[in-house]
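J.: A structural model of the following input is requested.
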Amino acid sequence: MVPDGVTITPSGVIDLQTAPALEERIRAALAELPAGGRLVVDLRDVRLLDSAGIRTLVHGRRAADAAGRELRVTGAHGIVLSALELTGVAEHLAGGAGGSA
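T.: Next comes the predicted model:
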């Protein structure tokens, strides 16, 4: 049975060095989800997110949308949330209007 929802919980730093591994985890999870399934990327344990990490999350969201799946980012706090807000993608990654990453 294929689950209709999966959560990925990265930790530590998501940067140029570690973003490719997260991107692969996102791609693999999306491939396993049925149409309409939800992937949650929970950033509660992430303490630093740079532009490579933000790019990875945005590309993951685009891939999910194109595949008829949902990707939501949750749990962002502190400097990670600030980075998402300052780049203008927090609401989009949280799933749209009213959400917060």
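J.: Next, the buried residues of the helix or strand where A28 lies.
T.: Secondary structure from DSSP states H and E places A28 in helix 19-32. By 16 or more other Cβ atoms under 10 Å, the buried positions in helix 19-32 come out as A19, L22, E23, R25, I26, A29, L30. In short, each C-beta sits where N, CA and C put it, glycine included.
J.: any idea which of those is closest to S11?
T.: Taking Cβ to Cβ as the measure, S11 lies nearest L22 of the buried residues of helix 19-32, at 10.6 Å.
J.: Thought G53 was touching the closest one, still the case?
T.: Yes. Using Cβ atoms under 8 Å, L22 is in contact with G53, at 7.1 Å.
J.: Any chance you could list residues touching both of the two?
T.: Applying Cβ atoms under 8 Å, 6 or more residues apart in numbering, one finds that L22 and G53 are jointly contacted by I14.
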